[in-house]
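K.L.:
Sequence plus predicted model, see below.
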Amino acid sequence: MEFVIEFVMELYMEAMMLLVPEKQFGKKMTRFLKVLCAVITFAIAMLVIIGASILIDPEAPADDKNAGIICLAIGGSLFVIHLLLFVFIMIKRKK
């Protein structure tokens, strides 16, 4: 499981690094990367929403609450990584 998470994060980081303006890419690649970024952002938002809804549900058993905490933790950490990559790219564009 840890290998899968590291692999996905590595692919995502490589895709985000392709948006650095020092490299030239065609319209198709730029469009693909924007769609990929939007899909990942949507998935992160869904993880946070699902995790929060599981935690809020008063009838959910304790095992489901643990799953909600895990969803929130994964979604939150991916959101922070996403935000830091965005800030890094914006700083690179200004230079």
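P.N.:
Looks like it arrived, so ask away.
K.L.:
for residue 32, what are its contacts?
P.N.:
If you count contacts by C-beta atoms under 8 Å, 6 or more residues apart in numbering, residue 32 has none. Every residue, glycine included, has its C-beta placed from N, CA and C.
K.L.:
For residue 66, see how far away it is.
P.N.:
36 Å (C-beta to C-beta, to the nearest Å).
K.L.:
pLDDT value on residue 70, please?
P.N.:
Note for residue 70: predicted pLDDT of 90.
K.L.:
An error on my part: the question was meant for residue 93.
P.N.:
For residue 93, pLDDT reads 63.
K.L.:
just residue 67 next, same as before
P.N.:
Value listed for residue 67 in the pLDDT field: 85.
K.L.:
Run through the residues that contact it.
P.N.:
Residue 67 neighbours (C-beta under 8 Å, 6+ apart): 51, 54.
K.L.:
Please point out which parts of the lengthiest helix in the chain sit buried.
P.N.:
Identified as the longest helix of the chain according to DSSP state H is helix 62-94. Neighbour counts over helix 62-94 (16 or more other C-beta atoms under 10 Å) mark 67-68, 71-72, 75, 78, 82, 85 as buried.
K.L.:
Many thanks, we can stop here.
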